[in-house]
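> Sharing a model prediction with you, sequence too.
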Amino acid sequence: MIAWISSPRILRGLLPAFSLAVILVAIFYLQPRAMSYFGLNLLLNLALPIAFATLAQMCVITVNDLDLGIGAYVGFVVCVSATWLNDQPVIGVVVLAGCIAVYGALGALIHLRNLPSIVVTLGMSFFWLGLALLVLPTPGGKAPDWIRAIMTFKAPGVPMTIYASAAIALLVHIGLKRSAFGAVLRGAGGNPRSVERAGWSLLRIKVTMYALAGFFGVLSGISLIGLTTSADANIALRYTLLSIAGVILGGGEFVGGRISPIGAVLGAMTLTLAGSFLSFLRISPDWQIGAQGAILIIVLALRVVINRTEARRPR
Amino acid sequence: MISDRLRILFEKPWIWAFLGAGLVWMATIAFTGGQGAGQILSAALAFATFSVIVGIGQMYVITLGPGNIDLSIPATMTFAGAVSMKIVDTQDSMVVLGLVIALACGAAVGVFNYGLIRVLRIPPIIATLSSSFLVQSSAIAYGRGLKIKPPPMLADFTTAKIAGVPVLAICVIGLAAVMGVVLHRTVYGKSVIAIGQNPRAAQFAGINVDFTRFATYVLSAVMAGLCGYVLSGFSGGASLNMGAEYLLASIAVVVIGGTSVAGGFANLPGLWGAALFMFLLVTMLNIFGLTAGVRLILTGAIIVGVITLAGGRKT
């Protein structure tokens, strides 16, 4: 049992859960009243949209790319949800489906022209922000009632966020890590040439992963508008960096298609809690992003330590 | 004879950026009926200067090969600007000391960045991203959200013009020329290019890969520090979001300027062409009287369009 737990592979897998547990325990220690349904609900309120954005980023990272436009994209989805999806649901749904198609097309463009994803998505971030400003020039709009109802649903036992996060993490885990096609998708990040030689179309894989990213981005925007009730084009810009941090924190690696959906969701929750943790410590909110950076560095350092023990161990 | 020379000229990868800048400029003055042609060019030179300064550092980093990129430039600029302005405290006698402090701030961030890359063995994107969180937080905590005024002498120097040409632009043209010589004529510069083309071959050829990469990340951060300092003088003080737009700018000028994103081929003159192009583009859209939304959409679309046309060369 102990040998199994202390094996580097398992340790690495447990690291995201461990970081989340450490920060939760620290918060409960500082503020015991947070250890309640209401307290947890407040703490994890914004975790779901961040988790979705993180999963979107993870899809892109799986194929060795990086999406620097996801924050602006989520902001655009929020603006569409607060206007069209509320007033004219049909148009709203068509526009959101169009967004996913654009994401798929981006994947095709990046693959066919062999473009650097960083530059393309950074350019797209301007595109989305501009579209969002056209849809909603000033902050406002209104969340559709049904989204609001889902997001504020009082689940029995623990807050809805926890159920939803667990369900989505498990679903993506099964899809990407346990299915045959999931293995091919990840393989496209690990060894594209051999995947291609095995008869799979790399183009189709890239389009699939980018479209999936677009889909999770839509979910992120919809869940965000359900929580904030009114929209703003700039509302989610920080999600870009947050989502990258979440993927890495969750055990994802930058190359080789090594990703962990469950870890990514846990990583997103850890980053969400980091802000509350600081305020409980009475540290100025100036240090909030700094703390997120520090958590990232500490977790990466722990991972190095684990990897070193693995290297030393006779196989 | 002449056609030969023209052909050689058109084979230079940087020519397209200058052609683009020229076209946009002509479109703008055609719209205004020739009015303000000189002023627009003068302003473009002034603003392009800052993109070029950070672009030089980013170009060296990107030339190191795939995966090498410095995402901490905006945070470093803000940090160096805030620290130097606060210490100088509007005293003219401290102008040189301020410059040294700003450069030292940059160097410190660069050393930290490379330390993370080396010790944690993580990709540069993640290392510079995590450190940018910490650096940005430090800048916020240190600057306390105030706009810290520059000493008058620095403000005068950075906004001075000789016959409409900004003095700072002349200095940075000189700096770019020096960095071009460093890149193509020194052991260090040639090492950067060699590592970008094939790190293993560079290693076997006896190049100190570790030291070269270290020096390059420090160089990039020092450039960001320099940019933070002169931009503080130019824009009337160090503010907390002054670096924000330079993440895209630093990457875009490198890519549009004809430097290979895959590394190994750098292009200094292109930085100026691309920086002028980017500024003139925004000016043109402004003068056409477009709203912020449309302007952003077009900026994004043009960046993606340019990279689609310019990139895609399999290197």
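That came through fine.
> Make sure residue B:67 is indeed in a strand.
No: secondary structure assignment (DSSP: H, G, I helix; E, B strand; the rest coil) places residue B:67 in coil, not in a strand.
> Pretty sure it sits against residue B:126.
No: Residue B:67 lies out of contact with residue B:126 (Cβ atoms under 8 Å); the separation is 10.0 Å. (C-beta placed from N, C-alpha, C; glycine too.)
> For the chain, which helix or strand comes out least confident on mean pLDDT?
No chain in the question, so chain A it is. When the helices and strands of chain A are scored by mean pLDDT, DSSP states H and E, helix A:2-5 comes last with a mean of 67.
> switch to chain B, that's the one I care about
That would be, for chain B by mean pLDDT, DSSP H and E, helix B:2-11 at a mean of 73.
> outside of the following helix or strand past that helix, which residues touch it?
Following helix B:2-11 in sequence order, the next helix or strand is helix B:15-32 (DSSP states H and E). The contact list for helix B:15-32 (Cβ atoms under 8 Å, 6 or more residues apart in numbering or on different chains) reads B:9, B:35-37, B:40-41, B:44, B:256-258, B:269-270, B:272-274, B:276-277, B:280-281, B:283-284, B:287-288, B:306, B:310.
> The helix or strand following helix B:15-32 and chain A, are they touching?
Tracing the chain C-terminally past helix B:15-32 and defining elements by DSSP H and E, one meets helix B:37-63 next. No: counting by Cβ under 8 Å from any Cβ of the partner chain, chain A is not contacted by helix B:37-63; separation bottoms out at 9.1 Å.
> quick one: average confidence on the helix or strand hosting residue B:102?
Secondary structure assignment for residue B:102, by DSSP H and E: helix B:95-119. Across helix B:95-119, the average pLDDT comes to 95.
> Run through the neighbouring helices and strands of it.
helix A:288-312, helix B:73-88, helix B:124-143, helix B:152-159, helix B:209-234 (3 or more Cβ pairs under 8 Å, 6 or more residues apart in numbering or on different chains; DSSP states H and E).
> Put together JSON lines for those helices, with mean pLDDT on each row.
Shown next, in JSON lines, are the helices and strands packed on helix B:95-119 (pLDDT from 0 to 100):
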{"stretch": "helix A:288-312", "mean pLDDT": "83"}
{"stretch": "helix B:73-88", "mean pLDDT": "93"}
{"stretch": "helix B:124-143", "mean pLDDT": "88"}
{"stretch": "helix B:152-159", "mean pLDDT": "90"}
{"stretch": "helix B:209-234", "mean pLDDT": "95"}
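> Pick the most deeply packed of those.
Highest mean neighbour count among the helices and strands packed on helix B:95-119 (mean count of other Cβ atoms under 10 Å in any protein chain shown): helix B:73-88, with a mean of 29.
> That helix near chain A at all?
No: Helix B:73-88 does not reach chain A (Cβ under 8 Å from any Cβ); its nearest approach is 9.2 Å.
> Tell me what angle that helix forms with helix B:37-63.
110 degrees (axes from the mean of the first three to the mean of the last three Cα atoms, to 10 degrees).
> what's the overlap in contacts for residue B:67 and residue B:126?
residue A:254.
> Residue A:148: what's it in contact with?
A:226, A:229.
> how about the residue nearest the centre of chain A, phi and psi?
Centroid-nearest residue in chain A, with Cα atoms, centre = their mean: residue A:54, separated by 0.9 Å. Dihedral angles of residue A:54 (phi, psi; degrees, to the nearest 10) stand at phi -60, psi -40.
> In space, what's closest to it - neighbours in sequence excluded?
Nearest non-adjacent residue to residue A:54, counting by Cβ to Cβ, 6 or more residues apart in numbering or on different chains: residue A:246, 3.6 Å away.
> Now the closest residue to residue B:62 other than its chain neighbours: which helix or strand?
Take residue B:62 and drop its neighbours on the chain: the residue closest to it by Cβ to Cβ, 6+ apart is residue B:254, 5.5 Å away. Residue B:254 is part of helix B:246-256, with elements assigned from DSSP H and E.
> which element follows that helix toward the C-terminus?
helix B:269-287.
> burial measure for the nearest residue to residue A:116 once chain neighbours are set aside, as a count.
In space, and not counting its chain neighbours, residue A:116 is closest to residue B:261: 4.2 Å by Cβ to Cβ, 6+ apart. Counted with other Cβ atoms under 10 Å in any protein chain shown, residues neighbouring residue B:261 total 22.
> can you pull the contacts of residue B:261?
A:116, A:119, B:62, B:254-255, B:311.
> I'd like to know how many residues surround residue B:164.
11.
> My guess is it contacts residue B:38. True?
Yes: here residue B:164 lies in contact with residue B:38, judged by Cβ under 8 Å, at a distance of 5.8 Å.
> can you pull the contacts of residue B:140?
So residue B:140 contacts A:286-287, B:240 (Cβ under 8 Å, 6+ apart).
> What's the separation between it and residue B:9?
With distances taken as Cβ to Cβ, to the nearest Å, residue B:140 is found 47 Å from residue B:9.
> One more: residue A:156?
Where residue B:9 is concerned, residue A:156 sits at a distance of 73 Å (Cβ to Cβ).
> For the residue lying closest to residue A:190 once chain neighbours are set aside, which three-state class applies?
Leaving aside its chain neighbours, residue A:190 sits nearest to residue A:257 (4.2 Å; criterion: Cβ to Cβ, 6+ apart). Secondary structure, three-state DSSP: residue A:257 is coil.
> what's in contact with the host helix or strand of residue A:182?
Using DSSP H and E, residue A:182 sits within helix A:180-190. Identification of contacts with helix A:180-190 by Cβ under 8 Å, 6+ apart yields A:61-64, A:174-177, A:194-195, A:200, A:202, A:205-206, A:208-209, A:255-259.
> So which bits of that helix are buried?
Of all the residues in helix A:180-190, those buried under the rule 16 or more other Cβ atoms under 10 Å in any protein chain shown are A:182, A:185-190.
> Identify the spatial nearest neighbour of residue B:54, chain neighbours not counted.
Closest to residue B:54 by Cβ to Cβ, 6+ apart is residue B:250, at 4.2 Å.
> hang on, the one you found packs against residue B:73?
Yes: using Cβ under 8 Å, residue B:250 is in contact with residue B:73, at 5.2 Å.
> State the next helix or strand along the chain beyond the least confident helix or strand of chain A.
helix A:8-30.
> Please spell out which residues along that following helix are buried.
Within helix A:8-30, the residues scored as buried using 16+ other Cβ under 10 Å are A:8, A:11-12, A:15-16, A:19-20, A:23-24, A:27-28.
> now those in CSV, with pLDDT?
Listed next are the buried residues of helix A:8-30 as CSV, based on pLDDT from 0 to 100:
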residue, pLDDT
A:8, 76
A:11, 81
A:12, 80
A:15, 86
A:16, 89
A:19, 88
A:20, 91
A:23, 89
A:24, 90
A:27, 89
A:28, 90
